[in-house]
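1. Just to be clear, the model below is a prediction. Sequence and coordinates:
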Amino acid sequence: MEYRIESRDDNTAKVVFSGDITFSENVAFRQLLKDLSAKNPKACVFDLSNVSMVDSAGLGMFLIARDQAETGGWRLSVKGASGHVAAMLKLTKLSDLLEG
């Protein structure tokens with residue numbers, strides 16, 4: 001998993017992911033959440049357009065991000081999921097929990 005955080009003038013952030021989001025990425029994902037918290041956005045979009053696979057741990061990381069968003073007072077949404085990633089989000093109903 002690789003990611004970059006794009007900040008916008010309206011105090012929103014966009015995280016563009018690429019690669020797979022799996023258990024082995026949990027340390028990097030937690031660092032991403034720390035970096036986001038430091039920016040104190042009012043909203044954040046996870047762009048999953050370039051993510052080819054997400055495992056159960058990756059789905060759990062999205063739940064952690066959602067909880068952090070609620071605690072921090074910002075809105076989290078996902079966009080661009082396709083194929084396996086979209087199917088996993090729909091199957092687990094995470095697509096309903098993460099505004100899109």
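-> Yes, it's here. Residues are numbered from 1 along each chain as shown.
2. Please count neighbours and contacts with C-alpha atoms only from this point.
-> Fine.
3. Quick check: neighbours of the lengthiest strand in the chain in the sheet, parallel or antiparallel?
-> Longest strand in the chain by number of residues (criterion: DSSP state E): strand 43-54. Here strand 43-54 is paired, per DSSP bridges, with strand 12-21 (parallel), strand 75-79 (parallel).
4. now the ones you listed as JSON lines including mean neighbour count and distance to residue 93?
-> What follows is the strands paired with strand 43-54, written out as JSON lines (neighbours: other C-alpha atoms under 10 Å; distance: least, C-alpha to C-alpha, whole Å):
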{"stretch": "strand 12-21", "mean neighbour count": "19", "distance to residue 93": "18"}
{"stretch": "strand 75-79", "mean neighbour count": "19", "distance to residue 93": "13"}
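5. Tell me which of those sits nearest to residue 35.
-> Of all the strands paired with strand 43-54, it is strand 12-21 that lies closest to residue 35, at 10.7 Å by C-alpha to C-alpha.
6. residues in contact with the helix or strand that contains residue 95?
-> Element membership for residue 95, per DSSP states H and E: helix 94-97. Outside helix 94-97, the residues that touch it by C-alpha atoms under 8 Å, 6 or more residues apart in numbering are 59, 78, 89, 90.
7. Now the third one: closest residue in space that isn't a chain neighbour?
-> The shortest distance from residue 89 to any residue that is not its chain neighbour, by C-alpha to C-alpha, 6 or more residues apart in numbering, is 5.1 Å, and that residue is residue 95.
8. Could you do the last one as well?
-> Distances taken as C-alpha to C-alpha, 6+ apart place residue 96 nearest to residue 90, at 7.7 Å, with adjacent residues excluded.
9. same check, this time on the second one
-> Counting by C-alpha to C-alpha, 6+ apart, the nearest residue to residue 78 once its immediate chain neighbours are dropped is residue 46, at 4.6 Å.
10. That'll do, ta.
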